[in-house]
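Novice: Give the three-dimensional model of this entry:
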Amino acid sequence: MQAKNPLQNKAQYLKGVGPKRATLLERLGIDTVYDLLYYLPRRYEDRSGILPIKEVRGEDTCTVRGRVRAHSVWKTKRGMLVYDMTVSDSTGTIHGVWYNQPYLKSYFKSGQDIILYGKAEKFKYLQMTHPDYEVLSKDEDGLETAHMGRIVPIYPLTQDITQKYLRALIYRSLDGNVNMVKEILPTNIRAKNKLADIRFAIRNIHFPNNFDNLKMAYRRLVFEEFFILESALALMKGRVKKHSDGISHEVEEGLFASFQKMLPFKLTKEQDEAISEIEKDMRSPVPMNRLLEGEVGSGKTVVAMYALLLTIKNGFRGAVMVPTEILAQQHYLTMSEFFMPLGINIRLLIGSLSREAKEEVRREVREGKADIVIGTHSLIQENVSFEKTGLIVVDEQHKFGVSQRALFRQKGIKSDVLIMTATPIPRTLALTVYGDLDITTMREMPEGRPPISTYWVEEERKDRVYKFVREEILNGRQAYVICPRIEKTEKSGIASAEEMYDELRNDIFPDLKTALLHGRMKAGEKERLMRDFRNNKINILVSTVVIEVGIDVPNATVMVILDADRFGLAQLHQMRGRIGRGEYKSYCVLLSDPKNENARRRLEAFERLQDGFELAEQDLSMRGPGEALGTRQHGLPEIRFGDIVADKDILELARREAFELIEKDSNLSDERNRDLRDVIMERYKGKLEFLGVG
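Specialist: Numbers count the residues shown, from 1 in each chain. Below you'll find the model as predicted:
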């Protein structure tokens, strides 16, 4: 059955496809003709300049054209069959050599005109080993022009799909179909930014006539993808700002001064500025939608506590949502110490509580007896009343995402929302993953905290590391030992927390108090261990990454991370942030023998850099956005074309144009913007349905 739009026709019905190859193409994400046109090359080979054979030198990667003069199959001393073809032009001779492909003898014939592309080598004679080739016998499609004598696209492949087949299929599909692609970018934006026509761009991203055309095509397609994404985020942000039926908090005179007096330390300048921005948001009837991103230990929790105090003073409740039970317990302990003397009732709602305990908390929330409820994301999934909630704080936002933020709006919750993360976010990621939020950044550390010294040490020197740990403990300090896994596995040589706990307790530090903490423990046991460690009843805490967030022990000055190459930079930085939280000099030691160059580069960067934002940029450039932040979990489509690091200038340009467009046409209802609106709604279907466009 043919679709109304030819671009939506199934690729299966194209010439040379059929059901079997259609299944293979689906592995590449190619289902329709449209998918095929937008399946972009991963790189290019310049086969445009054909060299006379006499000018070819060894080590050259080049294209030659000639006639097959002779060909044969011969056997090496080890029994390997070699197909050898002699090709010559008017200037010289070169050999094409293929190992273990004797069947090629039946494909080629003497007298054929042929193009070879590959790396030339000089042995007894000039040869190319396993070159790409094209026989220049005109077929009905004239497809020799797709593979040779030009800049040739190289595509990502799956098993049983060859470059030559896919290239020919796309080459054929462009004719008659590329002109059906709609131009969704407004004319004024294209003209202003000197962007190529979409049809030109698609032709030249696949088969460019020259590298200037390729550059123009790439810039246009990358701009378009970023523009669609940023337009969606602008719509999303605008949709939230349209709601004027949020809560307008009144700020009692002297509240901030009273809050400061209750703290045992002085707020930093950036904490003051963050509180000022949040106050302004909470005064407004428009629901606050702010991201507070701060360096590990910069004091985000204190800022959130002021915002919670403000909403409670206005007669509302507060909710704090975190990704893990251990962080929920930590916030519960910290905030209880501050708020309970003020008569503010705080309750904890986590999965490990009994059914009766959960119901009691929910009842107190319903009856208005709980001023603040702290829990995991189950807060928005369980039967928790948000009717009188003035502020929702979402901590460690990198564990949540766009789709979870959307749940608040979909549930009709008009509360102010403060989202926090201690994972510093590179600007380019912030413009994509968090583009719908207002952003406050805190990099300043509280006074009196010396920098953490970080050392990467090879495994063979671990005895010296343990000696240093003992010295610190004898001086009254405490230490963490972090392992990538809980249990030992047979095949893996990776350090496990259970194994390391036994070794430290029995063999290395038998005279010291060592404890084990991991995510499988019951909530009560974890809470007891955290409390004992905080009260210096435990000298060494062996743990997994469960301590990445949530444990604040000012007396802990040493962290030893085993098999540190197993962690990403962001995770390492989070863990390092658990020490250096007091007045004492602190040390982070990475015990690791990395197996590859990327892991080595990560550890070198972590040893050198203290600033989380610099580390985040390093992480992004080394691993890409998907791995560095797990962007797929954030509810946004994968970025297919652009590179948000290499193409950050295009990203910022696209964002600026998108937000200006939405400011002028807030619902994309203008006839000139209808096609753009349709593309956004199709691409974000099921992800950002609350955009309210259409």
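
Novice: drop to CA atoms for contacts and neighbour counts, all remaining ones
Specialist: OK.

Novice: Run through the neighbouring helices and strands of the host helix or strand of K462.
Specialist: Per DSSP states H and E: K462 is located in helix 462-474. Under the contact definition 3 or more CA pairs under 8 Å, 6 or more residues apart in numbering; DSSP states H and E, helix 462-474 sits against strand 478-482, strand 556-562.

Novice: Restricting the selection to alpha carbons, write whatever helix or strand comes next after the last one to CSV.
Specialist: By that I understand strand 556-562. As assigned by DSSP H and E, the chain's next helix or strand after strand 556-562 is helix 569-576. Only the C-alpha atoms of helix 569-576 are listed here, as CSV (Å, rounded to 0.1, in the frame of the first residue of the first chain):
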residue,chain,number,x,y,z
LEU,A,569,34.8,11.1,35.2
ALA,A,570,31.5,12.4,36.5
GLN,A,571,31.2,9.5,38.9
LEU,A,572,34.7,9.8,40.1
HIS,A,573,34.1,13.5,40.8
GLN,A,574,30.9,12.8,42.7
MET,A,575,32.7,10.2,44.9
ARG,A,576,35.7,12.5,45.5
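
Novice: For V589, give me its contacts.
Specialist: Contacts for V589 (CA atoms under 8 Å, 6 or more residues apart in numbering) come out as T454, Y455, W456, V457, V465, V558, M559, V560, I561.

Novice: Just checking: what are the partner strands of the helix or strand hosting the second one?
Specialist: When you say that, I think you mean Y455. Following DSSP H and E, one finds Y455 within strand 452-457. Within its sheet, and counting by DSSP bridges, strand 452-457 is paired with strand 586-591 (parallel).

Novice: Show me what counts as buried in the strand it pairs with.
Specialist: For strand 586-591, a neighbour-count test (16 or more other CA atoms under 10 Å) marks S586, Y587, C588, V589, L590, L591 as buried.

Novice: Kindly present those residues as CSV, with separate columns for pLDDT.
Specialist: Below are the buried residues of strand 586-591 laid out as CSV (pLDDT from 0 to 100):
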residue, pLDDT
S586, 94
Y587, 95
C588, 95
V589, 95
L590, 94
L591, 92
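
Novice: and which of those is nearest to F259?
Specialist: The nearest member of the buried residues of strand 586-591 to F259, counting by CA to CA, is S586 at 29.9 Å.

Novice: hang on, that closest one packs against P451?
Specialist: Yes. Taking CA atoms under 8 Å as the definition, S586 is a contact partner of P451 at 7.4 Å.

Novice: so what's in contact with those two at the same time?
Specialist: Residues touching both S586 and P451 by CA under 8 Å, 6+ apart: G580.

Novice: what about stretch 365-375, how long is it end to end?
Specialist: Start to finish, the residues bounding stretch 365-375 are 13 Å apart (CA to CA, to the nearest Å).

Novice: Let the chain start at 39 from now.
Specialist: Sounds good: first residue 39 from here, last item stretch 403-413.

Novice: which residues of the stretch 389-538 of the chain fall in strands?
Specialist: Taking DSSP state E, counting those that start in this stretch as the test, the strands found in the stretch 389-538 of the chain are 410-413, 427-432, 454-459, 476-480, 490-495, 516-520.

Novice: so how far is the fifth one off the chain centroid?
Specialist: Here the centre of mass of C-alpha atoms in strand 490-495, compared against the chain's by CA atoms, centre = their mean, to the nearest Å, lies 26 Å away.

Novice: May I see the buried residues of stretch 402-409?
Specialist: V403, R404, G406, K407, A408, D409.

Novice: Now do it, average pLDDT.
Specialist: Taken as a whole, stretch 402-409 has an average pLDDT of 86.

Novice: buried sites along stretch 56-75?
Specialist: Neighbour-count burial for stretch 56-75 flags A60, T61, L62, L63, I68, D69, T70, V71, Y72, D73, L74, L75 (criterion: 16+ other CA under 10 Å).

Novice: And stretch 394-403, by the same measure?
Specialist: With burial defined by 16+ other CA under 10 Å, the residues of stretch 394-403 counted as buried are K396, V399, R400, V403.

Novice: now the helices and strands packed on helix 500-512 in a markdown table, with mean neighbour count?
Specialist: Listed next are these as a markdown table, based on neighbours: other CA atoms under 10 Å:
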| stretch | mean neighbour count |
| --- | --- |
| strand 516-520 | 25 |
| strand 594-600 | 27 |
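
Novice: how about these, which one is nearest F651?
Specialist: strand 594-600 (21.1 Å).

Novice: Show me the strands paired with that closest one, marking each as parallel or antiparallel.
Specialist: Strand pairing for strand 594-600, determined by DSSP bridges: strand 516-520 (parallel), strand 624-629 (parallel).

Novice: The helix holding K500 vs strand 594-600, what angle?
Specialist: Relative orientation of helix 500-512 and strand 594-600, computed by axes from the mean of the first three to the mean of the last three CA atoms, to 10 degrees: 160 degrees.

Novice: now what about helix 500-512, what contacts it?
Specialist: Q516, A517, I546, F547, N577, T595, V596, V627, L629.

Novice: Mind doing that once more with 10 Å?
Specialist: Residues outside helix 500-512 that contact it (CA atoms under 10 Å, 6 or more residues apart in numbering): 495, 497, 513-519, 542, 546-547, 550, 577-578, 594-598, 600, 624-625, 627-630.

Novice: send the alpha carbons of that helix over as CSV?
Specialist: Below are the C-alpha coordinates for helix 500-512, written out as CSV (Å, rounded to 0.1, in the frame of the first residue of the first chain):
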residue,chain,number,x,y,z
LYS,A,500,48.9,-0.3,47.2
ASP,A,501,50.8,-1.3,50.4
ARG,A,502,52.1,2.3,50.6
VAL,A,503,48.6,3.6,50.1
TYR,A,504,47.3,1.5,53.0
LYS,A,505,50.2,2.7,55.2
PHE,A,506,49.1,6.3,54.4
VAL,A,507,45.4,5.4,55.3
ARG,A,508,46.6,4.1,58.7
GLU,A,509,48.6,7.3,59.4
GLU,A,510,45.5,9.4,58.7
ILE,A,511,43.3,7.3,60.9
LEU,A,512,45.9,7.5,63.8
